[in-house]
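Participant: Take this sequence and fold it.
(one chain, ligands or ions: 1)
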Amino acid sequence: MRASQSRTEGALDGEQLRDRIATELARARARSTLLTEVVDDADLIRQHSPLMSPLVWDLAHVGNQEELWLVRDVGGREPVRCDIDELYDAFKQPRRDRPALPLLPPAEARAYLATVRDKVHDLLDAVAFTGRPLVADGFAFGMIVQHEQQHDETMLATHQLRSGPAALHAPPPPEPSVRVGAEVLVPAGEFSMGTDTDPWALDNERPAHRVDLPAYVIDAAPVTNGQYAAFIADGGYTEQRWWSPAGWEHRVREQLSAPMHWRRDGDDWCCRRFGRWARVRADEPVVHVCWYEAQAYAAWAGKRLPTEAEWEKAARWDPTTGRSRRYPWGDDDPTEAHANLDQRHLWPAPVGAYPAGASPLGVHQLIGDVWEWTSTAFDGHPGFTAFPYREYSEVFFGDDYRVLRGGSFGTDRSACRGTFRNWDYPIRRQIFSGFRCARDVRPDESYR
Ligand SMILES: [Fe+2]
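Facilitator: Numbers count the residues shown, from 1 in each chain. Okay, here's the model as predicted:
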């Protein structure tokens, strides 16, 4: 992939943009295919958790959204199948009800996706990337690429919840190559949050706006299993004082006593990853914790969760130029050296494995590995405008959801940027969620 390719989409000529879109569509489809080929039809139809759709629902939903936005809206073509729109409408069909729907059987779902994709290639050959905002810079195609990759991550989370023998295989992430310090001090001052220029950025990442923050201290790496195990060993789950009232109520009701997928092994911990049990490794970021658990850990550690703005400033602000980068390492798209993304590996990398991905201030592994909970409720940036539809983000604004940032090992690079925002309920932990802590600056600490 060419360096700095996606930051200059606006400058790509039509042919280059067409190539890029075709490549990204193919990458997303290869991943959807892998995730739905490694299990049999019975497994595709089964609901592995009430939190998740049957894999075959996700698959056909991906095709249906591609048909709605690209074939019908952008292309103005005849519907492929308008009889199934309702079945695959995520707002009309709650996840728990999806297995009972008359879903397309796996073979039919695959054929439907192939038909839709053929029509998309056909219209991609002819489309002009000018005029309507929906097609400018290939936005609608980028949105559909990201949508498929986001469902692929959801399908990966379903794989983690399914029982039975392992179906997915990948090499382990790289070993640490540097020692990472404990904390980084971020000086007070303004920075630019959000974006006006990333052509495939979604509505909730826009517009760019100035945010002024007091100085703060942020962890140089995500909280590790070793640190989290110390919280457990110190009675973290049994001492109410570390928990918010809602968090404590949830912990008691659900009898939470460790991250999801952990179990005791003598004095140690084991965890289940995609059908295999493994010893919990102390230097890997903790994953599968909910917002309430993250908050309780932070209180126990004498810290707090970072606000979303604190996370983004730590990730993007370049103290030398004063500008905000697309990623911690700069403006170039992620490579294997920068971050644990793209489902190349099936769990987070140990702290210190991605020195090339660190921010200018020395904050590591902000992108990839684990989604990081922030303290911030999901809302629009100042000046937010819903695009291309309210249901993408706006209907989720409010106090129900907390923002997660940075992507996980299961996030594709096309759906991960320094500005990318994810959100979920504070009780959720089937996602690949971890966190890092922050704190206010103490009076005795000076700026470097
Ligand atoms: Fe969707």
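Participant: CA atoms for contacts and neighbours, from now on please.
Facilitator: OK.
Participant: Name the spans of the stretch 301-448 of the chain whose pLDDT lies under the cut-off.
Facilitator: 446-448 (pLDDT under 70).
Participant: Which stretches in it count as helices?
Facilitator: 308-316 (DSSP state H, counting those that start in this stretch).
Participant: Show me the domain layout of this protein.
Facilitator: The record's domain parsing of the chain by the TED database lists 14-161, 183-224+287-440.
Participant: most tightly surrounded among these?
Facilitator: domain 183-224+287-440 (a mean of 21; mean count of other C-alpha atoms under 10 Å).
Participant: Which residue, other than its chain neighbours, is closest to residue 146?
Facilitator: Counting by C-alpha to C-alpha, 6 or more residues apart in numbering, residue 415 is the residue found nearest to residue 146 once chain neighbours are left out, at 5.2 Å.
Participant: so how far is residue 290 from that neighbour?
Facilitator: Per C-alpha to C-alpha, to the nearest Å, residue 415 is found 22 Å from residue 290.
Participant: again, but for residue 199
Facilitator: With distances taken as C-alpha to C-alpha, residue 199 is found 32 Å from residue 290.
Participant: can you check residue 27 too?
Facilitator: Taking C-alpha to C-alpha, one finds residue 27 at 30 Å from residue 290.
Participant: For the stretch 101-250 of the chain, just list every one of the strands.
Facilitator: Using DSSP state E, counting those that start in this stretch, the strands of the stretch 101-250 of the chain run over 183-186, 189-193, 209-213, 216-219.
Participant: Let's have those strands in JSON lines, adding distance to residue 112.
Facilitator: Below are the strands of the stretch 101-250 of the chain laid out as JSON lines (distance: least, C-alpha to C-alpha, whole Å):
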{"stretch": "strand 183-186", "distance to residue 112": "50"}
{"stretch": "strand 189-193", "distance to residue 112": "40"}
{"stretch": "strand 209-213", "distance to residue 112": "42"}
{"stretch": "strand 216-219", "distance to residue 112": "47"}
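Participant: Tabulate those strands (TSV), appending mean pLDDT and distance to residue 425.
Facilitator: Compiled in TSV, those are given as follows (pLDDT from 0 to 100; distance: least, C-alpha to C-alpha, whole Å):
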stretch	mean pLDDT	distance to residue 425
strand 183-186	97	28
strand 189-193	98	23
strand 209-213	98	25
strand 216-219	98	23
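Participant: Specify the stretch among those that is closest to residue 17.
Facilitator: Closest of the strands of the stretch 101-250 of the chain to residue 17 is strand 189-193, at 26.6 Å (criterion: C-alpha to C-alpha).
Participant: Cross-check the contact I'm expecting between residue 201 and residue 421.
Facilitator: No: taking contacts as C-alpha atoms under 8 Å, residue 201 lies outside contact range of residue 421: 9.9 Å.
Participant: Spit out the residues that contact those two alike.
Facilitator: The overlap between the contact sets of residue 201 and residue 421 (C-alpha atoms under 8 Å, 6 or more residues apart in numbering) is empty.
Participant: From residue 35, how far out is the nearest residue to residue 78 once chain neighbours are set aside?
Facilitator: Once flanking residues are discounted, residue 78 sits nearest to residue 72: 6.5 Å by C-alpha to C-alpha, 6+ apart. Between residue 72 and residue 35 the computed distance is 27 Å (C-alpha to C-alpha).
Participant: Contact partners for residue 431?
Facilitator: Contacts of residue 431 were listed using C-alpha under 8 Å, 6+ apart, and they are 154, 157, 288.
Participant: Report the separation between residue 330 and residue 418.
Facilitator: From residue 330 across to residue 418, the span is 10 Å (C-alpha to C-alpha).
Participant: and what of residue 202?
Facilitator: For residue 202, the distance to residue 418 equals 12 Å [C-alpha to C-alpha].
Participant: what do you get for residue 211?
Facilitator: 15 Å.
Participant: And for residue 355?
Facilitator: 17 Å.
Participant: circling back: thought residue 79 was touching the residue nearest to residue 78, still the case?
Facilitator: Yes: counting by C-alpha under 8 Å, residue 79 is a contact partner of residue 72 at 6.3 Å.
Participant: what touches both of these two?
Facilitator: With C-alpha under 8 Å, 6+ apart, residue 72 and residue 79 have no common neighbours.
Participant: Assign residue 270 to one of the three secondary structure states.
Facilitator: Of the three states, residue 270 takes strand under DSSP: H, G, I helix; E, B strand; the rest coil.
Participant: Confirm for me that it is in contact with residue 263.
Facilitator: Yes: the criterion here is C-alpha under 8 Å, and residue 270 meets it with residue 263 at 5.3 Å.
Participant: how about the strands in the stretch 251-400 of the chain?
Facilitator: Under DSSP E, counting those that start in this stretch, the stretch 251-400 of the chain gives strands at 262-265, 268-273, 276-279, 371-377.
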